[in-house]
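**Q** how would this look folded up:
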Amino acid sequence: MARALSTIAFTPAVRARQTEEGSREAYAPLDLPEADSGDRLGPAEAAFISERDGFYQATVSETGWPYVQFRGGPRGFLKVMDEKTLAYADFRGNRQYISSGNLKENDRVSLILMDYPNRRRLKVWARARQIDAKDDPNLIAALREDRYRGLPERAVVLTIEALDWNCPQHIPKRYTLEELAPDILALQNRIADLEAENVELKDFLKPAT
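**A** Numbering: from 1, shown residues only. Below is the predicted model:
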């Protein structure tokens, strides 16, 4: 954890709650000037983000209600543009435009990126800009994945305000079919070998006629 997380997430109410529960003292060093700023992507964060095929994104409506949406795509569709900037192509979906509408009134977003097999997660706080596809076709081309079928309506460019690697506690281990494919193939091959051996044994043990 770092200073930027404390500045953004540890509001007066949060700090009061930490005091009530006895954890405020442990987090106090995050407010010191020498604490890591925690608002820039390093090699570890960039590598982690490049392997993700989805993330959860929270926005806030003008009525104050949070809205969390899962954004999925091909692995690496959330691009690291520089140490302070992420961006992705926003593809046409159900056309409710809840996230897009929320961002017109409040540019704050929070992302959670999950790596279930290794029980890791990265939290990101950022401010979002929406750039219509027709206004910057070069940016859309840079964000678009040729192997993914989808109509990009806009680019969403995120300026990072804070990052935080979360502890693995309470993260369940889960695997996608893509992640399990090598193990499934190995099992299928093993079953085929055993079935072939079984046929040979049956032939060997068959009574002579």
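**Q** so what's the residue most central in space within the chain up against?
**A** The centroid of the chain falls nearest to Leu113 when counting by C-alpha atoms, centre = their mean (2.3 Å). Residues near Leu113 by C-beta atoms under 8 Å, 6 or more residues apart in numbering: 48-49, 52, 55-56, 78, 121-124. Using the backbone N, CA and C atoms, a C-beta is placed for each residue, glycine as well.
**Q** for it, name its beta-bridge partners.
**A** On the basis of DSSP bridges, Leu113 is bridged to Leu122.
**Q** do you know the pLDDT at it?
**A** Note on Leu113: pLDDT of 97.
**Q** just the buried positions in the helix ranked longest in the chain, please.
**A** If you go by DSSP state H, the chain has its longest helix at helix 177-205. The neighbour-count check on helix 177-205 (16 or more other C-beta atoms under 10 Å) flags nothing as buried.
**Q** avg pLDDT for that helix?
**A** Helix 177-205 shows a mean pLDDT of 94.
**Q** so which bits of the longest strand anywhere in the chain are buried?
**A** Ranked by number of residues, the top strand in the chain under DSSP state E is strand 152-166. For strand 152-166, the neighbour count (16+ other C-beta under 10 Å) marks 152-158, 160-164, 166 as buried.
**Q** just flag the most distant two among the residues you listed.
**A** Glu153 and Asn166 (31.0 Å; C-beta to C-beta).
**Q** for this protein, which spans come out with low pLDDT?
**A** Scanning the chain for pLDDT under 70 picks out 209.
**Q** domain-wise, how is it divided?
**A** Using the TED database, the domain ranges for the chain come out as 1-36, 39-173, 175-208.
**Q** would you mind finding the most buried of the ones you listed?
**A** A comparison of the domains of the chain by mean neighbour count, using mean count of other C-beta atoms under 10 Å, puts domain 39-173 on top with a mean of 15.
**Q** distance between that domain and the chain's centre?
**A** Averaging C-alpha positions (C-alpha atoms, centre = their mean, to the nearest Å) puts domain 39-173 7 Å from its chain's average.
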